[in-house]
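# one predicted model, sequence on top.
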Amino acid sequence: MPLNVLPAYLLQLVLILAIWPLPSHSRPGSEIWKLVSKISTPDWFAQSQPSIQTRELEKRDGTNYNPDGTPFLWLPEDEYSGKNFFDNFDFFSWRDPTEGMVNYVNRTTAFARNLAYVTDDDKVVMRTDNTSTLERGIYRDSVRINTKKTYTTGLFILDLDKAPYGCAIWPAFWSTGFDWPAEGEIDILEGVHDNEHNQIAWHTTQGCLYDQNATFTGTIPLHDGVPSTNCWNEINHNSGCDVVEWSRASYGPFFEAQGGGILAMKWDENDISVWSFFRAAIPRDITAGTPNPSEWGLPSARLMNTMCDISKHFARHTVVFDITLCGAWAGASYATSGCPGTCDERLMHPENFEVRAL
Ligand SMILES: *[C@@H]1O[C@H](CO)[C@@H](O)[C@H](O)[C@H]1NC(C)=O
Ligand SMILES: *[C@@H]1O[C@H](CO)[C@@H](O)[C@H](O)[C@H]1NC(C)=O
Ligand SMILES: *[C@@H]1O[C@H](CO)[C@@H](O)[C@H](O)[C@H]1NC(C)=O
């Protein structure tokens, strides 16, 4: 249940986003490894390929296994971080499709007004306007950005120090195809008001269901007494198939108190899984840059290919960060959130959008 006990509301995201492409059987490391393991290797091969032998013998950290037992590594594809972070993102400056009471500003305005910037020590910050006093019904300036590049499958790892929360505030870290809902949407970090539990969701065209037999640690919420396992956008006003994380430190004040953490999303032909780790629980292989999802334990949520043809419903995703206010979720739930007054009243006063120290 959202609470309204905090006087200040954080509106920064401080982050590094790193993306690993999906390893495939044709990737040189795994292909050669298969060759070595399946074919009786002549001596000359071992001698001329010492690094391959070493890899086989070491079973080094970060090695994952395909269902057929062949090993592979996740090799980095892109890193978005530091001074150049925003260079590879577009600023979305149209009307918020989720009906939020925000003006998403363009790149020039975002930088001119310090709504998006990188600190001297390379922290990436995005926030809403925290100085304007607005008339009722007038929208507040904010930012929404998406990667210029698109991805179909991959391992997406976000290191987040702090994320926005508070009455009327609805931030999200997610991915989507430009052809929505045909190419699907994956919501990795999302919440409203002072929620404490992150909500993970998928939105698709008809025919994609969340398999409740999947193993994961979160809880499927009920909509009108029915588990929300249908990802079709036309069901339940596009609330998607969703899973609420068990950890109180997965969103909001406790996430921040833990120093933030890592959100990881793995998307391959078998499943789309999301893990979240508060800072003290980040697996060593992630810190070392050799992520190995097969050693992370159960994910918070896992959309299996058993009841959803993943390659049919998800493609060409851009990675998105946004901070919206009120709108389809934060506005619609405001009256029952425990927050004071109404959402549009909340929006008027800049002190409701104070920025806490980085
Ligand atoms: C960015 O937005 C500002 C304010 O609305 C506008 O004046 C400016 O022309 C825009 N710049 C670009 C490059 O679109
Ligand atoms: C889920 O498990 C139940 C009980 O074991 C089984 O009857 C059902 O067929 C399973 N569903 C799928 C999609 O595998
Ligand atoms: C608004 O945010 C900026 C950037 O974080 C900060 O320097 C400034 O003190 C804030 N102002 C108010 C009134 O909160």
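Alright, I've got the coordinates. Ligands and ions are numbered 1, 2, ... in the order given.
# from residue 251, how far out is residue 257?
Shown here: residue 257 relative to residue 251, a distance of 12 Å by CB to CB, to the nearest Å. Every C-beta, even on glycine, is put in place using the N, C-alpha and C of the backbone.
# more neighbours, the two?
residue 251 (25 against 11; other CB atoms under 10 Å).
# got a list of what the more buried one touches?
The contact partners of residue 251, by CB atoms under 8 Å, 6 or more residues apart in numbering, come to 163, 165, 189, 191, 195-199, 245.
# check pLDDT for the residues you listed and point me to the minimum.
Ranked by pLDDT, the contacts of residue 251 bottom out at residue 163, which scores 88.
# isn't that one up against residue 254?
No. The criterion here is CB atoms under 8 Å, and residue 163 misses it with residue 254 at 11.5 Å.
# quick one: residues contacting the nearest residue to residue 320 once chain neighbours are set aside.
Nearest residue to residue 320, sequence neighbours excluded (CB to CB, 6 or more residues apart in numbering): residue 146, at 4.5 Å. The contact partners of residue 146, by CB under 8 Å, 6+ apart, come to 89-90, 92, 318-321.
# now do 6 Å
By CB atoms under 6 Å, 6 or more residues apart in numbering, the contact set of residue 146 is 90, 318, 320.
# rewinding a little: next, give me the two most distant ones among the contacts of residue 251.
For those, with distances taken as CB to CB, the pair at the greatest spread is 165 and 245 (14.3 Å).
# quick check on the contacts of residue 146: which are buried?
Among the contacts of residue 146, the ones that count as buried by 16 or more other CB atoms under 10 Å are 318, 320.
# just the ones of the contacts of residue 146 in strands?
Counting by DSSP state E, the contacts of residue 146 place 90, 318, 320 in strands.
# turn those into JSON lines, including pLDDT.
What follows is the ones in strands among the contacts of residue 146, written out as JSON lines (pLDDT from 0 to 100):
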{"residue": "90", "pLDDT": "97"}
{"residue": "318", "pLDDT": "94"}
{"residue": "320", "pLDDT": "95"}
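# for those residues, give me JSON lines that also has distance to ligand 2.
JSON lines is the format used below for those (distance: CB to the nearest ligand atom, whole Å):
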{"residue": "90", "distance to ligand 2": "39"}
{"residue": "318", "distance to ligand 2": "31"}
{"residue": "320", "distance to ligand 2": "31"}
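# out of those residues, which is nearest to residue 347?
Distances from residue 347 to these, taken by CB to CB, are shortest for residue 320, at 22.1 Å.
# the closest one and residue 174 touch, don't they?
Yes. With contact defined as CB atoms under 6 Å, residue 320 counts as touching residue 174 (5.2 Å).
# now the residue nearest to residue 320: how far from residue 92?
According to CB to CB, residue 146 stands 6 Å off from residue 92.
# give me the phi and psi angles of the closest residue to ligand 1 within the stretch 1-150 of the chain.
Nearest to ligand 1, among the residues of the stretch 1-150 of the chain, is residue 106, at 3.7 Å (CB to the nearest ligand atom). Per-residue torsions, residue 106: phi -80, psi 180 (degrees, to the nearest 10).
# report how many residues lie close to it.
Residue 106: 13 surrounding residues under other CB under 10 Å.
# show me the contacts for it.
91, 93.
# mind checking how far it is from ligand 2?
As for residue 106, its distance to ligand 2 is 46 Å (criterion: CB to the nearest ligand atom, to the nearest Å).
# need the residues of this structure near ligand 2, please.
By CB under 6 Å from any ligand atom, the residues of the chain that approach ligand 2 are 211, 213, 306-307.
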